[in-house]
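Asks: Build the 3D model from these lines:
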Amino acid sequence: RILEWHRGQLDAVDTLPPTLAKQWSTDPNFTVEVGASSFIYDIPINSNQKKTNNRELLDPLVKNALDLAVDRTQIIDTVLNGYGTAVATMFTDLSAPYNNTDIPIPTYDIAAANKILDDAGYKRGADGIRVGPDGSKFDWEVITPDNVEGIDRLFEILKTSWAELGINITAKKLDSTASFEAIGAPDWKYLDFDLAIWDWVGYIDPDFMLSVLLCNQLGGWSDTGYCNPAYDKLYDQQGVTLDQEERKAIVWEMQDIQNQDHPYLWVAQKQSISAYSKNWGGLSEPFLMGMSKIPWDIIHQNG
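Replies: This next block holds a predicted model:
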């Protein structure tokens, strides 16, 4: 499609890779539009309390340390070529007022992360890898779906940073279907997997994204094995609350619970990048901004 674009066979591209955006923005033949999106990179952590191996991943202190050791700035600069924003929740500003802006974006701090693990009693072995309470090493497998843009570079950034904590991670690269099945294995009991790297592209209204963490989504939308009845109760309340301020308060509380339990580490929002030929004329600003939100790969071909 990139070759078709340069040959003049396409008039517009809805989704331009971040790695090409700066190059194309200097081309006099094209106009590149950058806008907000609801695309967020995330790191699902197996939160099933019945998980048998590497149970240290159920410890909120371990999850907090991991969050502090996610170098969001490097991920945005390297994976997204600068076209992104660090996030702390599952929502972006497009979901305002429901995105909980009181939750701070974690500051990258390897020293603080190491102190958390040291104070929690997770000792390093002779090889420098920490050991969990059951004697298992902090040596985890990370499921990396092959259809997620930039996932290899994101994984390598995590691997380098987490190595400084005494943690080794290994990528398990699968297609998206096999990745989701591996997360639920065996038989959607969520017992085997440790972590994954993936993304969510949520709706502007918070309802659907909140629902993926419900207990009844085990074997459904859940990619974490998370279940918290208190969270489920709040979800039901927000679904029938008509007053916007009351619903906002409930949704913010649900994000506070997520932040405490850490079924996900939220990484970065990718900006939407689209481009169109300067031969196009008479396009209104609302249309151009809308291009970044239309779920088409190619807006228009050959007139």
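Asks: Run through the residues that contact I43.
Replies: Neighbour list for I43: 66, 70, 158, 195-198, 264-265, 267 [criterion: C-beta atoms under 8 Å, 6 or more residues apart in numbering]. From N, CA and C alone the C-beta is placed, and that goes for glycine too.
Asks: For those, name the two members farthest from one another.
Replies: The two members of these with the most space between them (C-beta to C-beta) are L66 and W198, at 15.6 Å.
Asks: So which of these two has more stuff around it?
Replies: Taking other C-beta atoms under 10 Å, L66 and W198 do not tie; L66 has more neighbours (25 against 21).
Asks: what's near enough to touch the residue nearest to that one when sequence neighbours are not counted?
Replies: In space, L66 comes closest to L265 once its chain neighbours are excluded; the distance is 6.2 Å by C-beta to C-beta, 6 or more residues apart in numbering. Residues counted as contacts of L265 (C-beta under 8 Å, 6+ apart) are 42-43, 45, 63, 66-67, 70.
Asks: could you redo the last one with a cut-off of 10 Å?
Replies: Taking C-beta atoms under 10 Å, 6 or more residues apart in numbering as the contact definition, L265 lies against 41-45, 63-64, 66-70, 72, 88, 106, 158, 195, 197.
Asks: Equivalent analysis for I151, please.
Replies: With contacts taken as C-beta under 10 Å, 6+ apart, I151 has the following neighbours: 41, 79, 142, 144-145, 171, 173, 196-199.
Asks: Let me know the closest of those residues to K115.
Replies: Closest to K115, out of all of those and judged by C-beta to C-beta, is V142, at 23.9 Å.
Asks: from what I can see that closest one touches L174, true?
Replies: No. Shown here, V142 and L174 do not form a contact pair, counting by C-beta atoms under 10 Å, at 11.1 Å.
Asks: So the two - more neighbours on which side?
Replies: The neighbour comparison of V142 against L174 (other C-beta under 10 Å) goes to V142, with 21 against 18.
Asks: What strands line up against whichever helix or strand that one is part of, and which way round?
Replies: Counting by DSSP states H and E, the secondary-structure element that holds V142 is strand 139-145. Under the criterion DSSP bridges, strand 139-145 sits next to strand 168-174 (parallel), strand 195-196 (parallel) in its sheet.
Asks: hmm, who's touching the last one?
Replies: To tie it back to what came earlier, the one meant is strand 195-196. Residues contacting strand 195-196 (C-beta under 10 Å, 6+ apart): 42-46, 54, 57, 66, 140-145, 148, 151, 158, 169, 172, 174, 179-180, 182-183, 223-224, 264-265.
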